[in-house]
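Participant: Sequence first, then the predicted structure:
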Amino acid sequence: MKYPQLSAILTILGIFQQVESFSPNQSVVHKFHRSRSRSSSTSQLKMANPSKDLTGKVVAQRYIYRISPKKSDISSPYAIEERQYYSVADDRSLEPFGDKHFIFRDWEAKDDIPPPEETLKMNGSPRMYSKIGKALYTVKDLKEDDPGDDGDIGGSVWDSSFALALYCMAHPEIIRGKGIEIGSGVGVGGILSAIGTGIATGSTETTPSAGYQSIEDIASAPIAEDENQEGNLVAPVPSNLSKIILTDSKEGHLKACLDNLGSAAFPISKAEVGMLDWNRRVPNEMKNQFDFVIGCDCAYYFPAVNPLARTVAYSLKSSPYDRKNNEQIIRGHFLHIGPQHRESIGDLKRKLGKGYRMNARMKDIVMERTDLIPLIIDSVDDVESQMKEEVEGEAGGYVEYQNVETTKYSALLGYHSEDYDGFNGDYFFPAETGKEGSYGDSAQELDFGTEA
């Protein structure tokens, strides 16, 4: 697939700010804006002049995602960069190669280098700089699925996936033991959350990855191990993670999950994919089984709330009260993140509380997305040196950017009542006994209970 002429794309990417002969193409700006990746340059990696021959060069779009510590209920010392590479063809069009790369970074470079001196763009406006941190780990070539004829958008990578991963990095106690991601789509949220948590906890996995086999029935077959292949090192996931299962109701999405697990070099013994339809009763083998249940943008509309709440309540492990130590043991964590404007997330919170007697509460997250100016390099072989140079070189981590957007998200956290024993759900959950309307008091409406 080829993209529009190079002059139009470079305009979209922001290079028109340096070259007067180009004019914006508004009809394509929106399309690329939603692709969510822009790129940057440093003093050593100058922006090339589009009037020169760029054939054979590589253009990188990049976005930086961070949680705003001043506007959010949590803070995270990390950031995630989303990057897509394009080659410049002979006809001066851009052709994407490979899928998206996701780079975990420190929040910002830890030094006292002052920002660059103020200079002006060709249009007279000042250049804007943001400070980024050291690249910690890169997850390469994670794919998206294009919406089909039915308008299915579950295969897209939503920005809430990055909010989910950054939240898990700030609270690594969530991703441990055995858990599932619900509504995985292509699995990017779950994969980044697990790897990010591994980075946050200092995991340094170096054992060989066995390589992922193809499976005939993705809906039911776990990923099986092949013989070890030397040199294929696996991603740094938490040492106390036993397994994460990426689930969805569409087989095509599960195939993409499988591919993305392989691309991410996810430890093969710690991942599975599986079919899960919320509208069906939770199988007995799933009940009271999971240390964590995570998801992003699953409560997309109201009809999904009831089956989603039932699936979460039955799947999540119980959290009994330890009378010896006089405290509740939180054995199962639920975390869902979605846009704050989506009222159905509040409906899900109420359903978990009144329908399933879970302790549920919300936290506010404000995520910043910084659109960096495009980066032009000779080859992808230069990427590693470029990432190191822009942080450790003269630029000191300062990169020029075009725009910063903020989006508000709601983090819904939950865990079971101490009175739920993991087996009495059919009699304990008001939604199952038909007594939901009579359950609930002012304390529960005020989010009574400790934080999840």
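Facilitator: Looks like it arrived, so ask away.
Participant: Now for residue 372, how many residues are close by?
Facilitator: When neighbours are counted by other C-beta atoms under 10 Å, residue 372 registers 26. (C-beta placed from N, C-alpha, C; glycine too.)
Participant: my guess is it contacts residue 130, does it?
Facilitator: Yes: look at residue 372 against residue 130 with C-beta atoms under 8 Å: they come within range, at 7.4 Å.
Participant: what sits in contact with each of the two?
Facilitator: Common contacts of residue 372 and residue 130 (C-beta atoms under 8 Å, 6 or more residues apart in numbering): 64, 399, 401.
Participant: Out of the residues you listed, flag the one nearest to residue 235.
Facilitator: Distance to residue 235 across the shared contacts of residue 372 and residue 130 (C-beta to C-beta) is lowest for residue 64, with 20.8 Å.
Participant: For the residue nearest to the closest one when sequence neighbours are not counted, which residues count as its bridge partners?
Facilitator: Leaving aside its sequence neighbours, residue 64 sits nearest to residue 370 (C-beta to C-beta, 6 or more residues apart in numbering; 4.3 Å). Note on residue 370: beta-bridge partners residue 64, residue 404, judged by DSSP bridges.
Participant: okay, now residue 370: neighbour count?
Facilitator: Neighbour tally, residue 370, other C-beta under 10 Å: 22.
Participant: List the residues that contact it.
Facilitator: Contacts for residue 370 (C-beta under 8 Å, 6+ apart) come out as 63-64, 66, 130, 401, 403-404.
Participant: at 7 Å what do you get?
Facilitator: Shown in contact with residue 370 (C-beta atoms under 7 Å, 6 or more residues apart in numbering): 63-64, 130, 401, 404.
Participant: That one and residue 399, how far apart?
Facilitator: Note on residue 370: its distance to residue 399, by C-beta to C-beta, to the nearest Å, is 9 Å.
Participant: Overlap of the contact sets of these two?
Facilitator: Counting by C-beta under 7 Å, 6+ apart, the residues touching both residue 370 and residue 399 are residue 130.
Participant: State the distance from the residue nearest to residue 64 to residue 303.
Facilitator: With C-beta to C-beta as the criterion, residue 370 and residue 303 are 36 Å apart.
Participant: Among the contacts of residue 370, find me the one that's closest to residue 246.
Facilitator: Residue 246 has its nearest neighbour among the contacts of residue 370 in residue 63, at 23.6 Å by C-beta to C-beta.
Participant: ok, the closest one touching residue 82?
Facilitator: Yes: under the criterion of C-beta atoms under 7 Å, residue 63 makes contact with residue 82 at 4.7 Å.
Participant: Which parts of this protein are helices?
Facilitator: Under the criterion DSSP state H, the chain contains helices at 6-13, 26-35, 160-170, 188-200, 251-263, 305-315, 343-350, 356, 383-392, 425-428, 430-433, 442-445.
Participant: Out of the ones you listed, which is closest to residue 376?
Facilitator: Nearest to residue 376 among the helices of the chain is helix 6-13; the distance by C-beta to C-beta comes to 9.0 Å.
Participant: quick one: average pLDDT of that closest one?
Facilitator: Helix 6-13 shows a mean pLDDT of 42.
Participant: how distant is stretch 379-391 from the center of its chain?
Facilitator: In terms of C-alpha atoms, centre = their mean, to the nearest Å, the centre of stretch 379-391 is set 23 Å apart from its chain centre.
Participant: Equivalent analysis for stretch 422-442, please.
Facilitator: That offset, for stretch 422-442, works out to 33 Å (C-alpha atoms, centre = their mean).
Participant: Equivalent analysis for stretch 121-140, please.
Facilitator: Stretch 121-140 has its C-alpha centroid displaced from the chain centroid by 20 Å (C-alpha atoms, centre = their mean).
Participant: Which residues does it contact?
Facilitator: For stretch 121-140, contacts defined as C-beta under 7 Å, 6+ apart pick out 17-20, 64, 79, 101-109, 115-116, 118-120, 192, 195, 199, 235-236, 263-264, 370, 387, 391, 397-401.
Participant: go on, stretch 410-426?
Facilitator: So stretch 410-426 is in contact with 167, 288, 313-314, 316-321, 328, 330, 332-338, 340, 345, 348-349, 352, 357-365, 428, 432, 451-452, going by C-beta under 7 Å, 6+ apart.
Participant: Give me the buried subset of those residues.
Facilitator: The neighbour-count criterion (16 or more other C-beta atoms under 10 Å) marks 167, 288, 313-314, 316-320, 328, 330, 332-338, 340, 345, 348-349, 352, 357-363, 365, 428, 432, 452 among these as buried.
Participant: Could you identify the most distant pair in the contacts of residue 370?
Facilitator: 63 and 130 (11.3 Å).
Participant: more neighbours, these two?
Facilitator: Neighbours around residue 63 and residue 130, counted as other C-beta under 10 Å, are more numerous at residue 63. The numbers are 22 against 19.
Participant: Tell me the pLDDT of that one.
Facilitator: Note on residue 63: pLDDT of 95.
Participant: What count of nearby residues applies to residue 388?
Facilitator: As a burial measure, residue 388 scores 12 neighbours (other C-beta under 10 Å).
Participant: which ones are touching it?
Facilitator: Shown in contact with residue 388 (C-beta under 7 Å, 6+ apart): no residues.
Participant: Going forward, the N-terminal residue is numbered 466.
Facilitator: Taking 466 as the first residue, the last one we looked at is residue 853.
Participant: Much appreciated, bye for now.
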